[in-house]
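**Student:** make a model of this:
(one chain, ligands or ions: 1)
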Amino acid sequence: MIKYNLKCENNHEFESWFSDSNEFDKLNKKKLLECIYCSSNKIRKSIMAPMVSGKQLKQENSLNLLDKKLSNEKKQLLKIREHIEKNFEFVGDKLSQKVREVYYDKRTKKSIYGTATPEEREELAEEGIDLLSVPWVDKDN
Ligand SMILES: [Zn+2]
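**Tutor:** Numbering: from 1, shown residues only. As a prediction, this is how the structure comes out:
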């Protein structure tokens, strides 16, 4: 099971569980997902996207590999989560702003994570800043 943070067109945020990332896409395409507050079915994922600075690119690449190879393995996802929580600073929904600070400040070695909307992610990609998004699994389940 994977928990996603979801957002509707009116910016209501809520969480929902899916068996895997495909299930979300399938249900959303069929408009079977709706906002728990306003019943809108224009739902998108609010991405939990850790970002590492250039100096730790090696770490990013290994995370990336792990992410692709074992994308739906909960145990592995938990490991990734723990790794991120231990080594990254949480910046919440200020991610896109903080990412730029880290990216343009050559001295900083900070690794940060937080949430970004698909739009913010696109803007960053246009600036050459890639975010790695990680399905965020719950520890207690
Ligand atoms: Zn809503």
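**Student:** give me the distance between the residue located most distally from the centre of the chain and E101.
**Tutor:** Ranked by distance from the centre of the chain (Cα atoms, centre = their mean), the top residue is R107, with 25.2 Å. Distance, R107 to E101, by Cβ to Cβ, to the nearest Å: 11 Å. (Each C-beta comes from the backbone N, C-alpha and C, glycine too.)
**Student:** same question, S16
**Tutor:** 31 Å.
**Student:** is K106 part of a helix or strand, or is it coil?
**Tutor:** Secondary structure assignment for K106 (DSSP: H, G, I helix; E, B strand; the rest coil): coil.
**Student:** next, count neighbours for it.
**Tutor:** When neighbours are defined as other Cβ atoms under 10 Å, K106 has 10 of them.
**Student:** pLDDT value on it, please?
**Tutor:** On pLDDT, K106 comes in at 70.
**Student:** separation between it and L78?
**Tutor:** 33 Å.
**Student:** one more: D138?
**Tutor:** Distance from D138 to L78, by Cβ to Cβ: 9 Å.
**Student:** again with S111
**Tutor:** Per Cβ to Cβ, S111 is found 19 Å from L78.
**Student:** so for those two, which sits in the more crowded spot?
**Tutor:** Between S111 and L78, counted using other Cβ under 10 Å, S111 has the larger neighbour count: 18 against 15.
**Student:** return the backbone torsion pair for the more buried one.
**Tutor:** phi -110, psi 130 (degrees, to the nearest 10).
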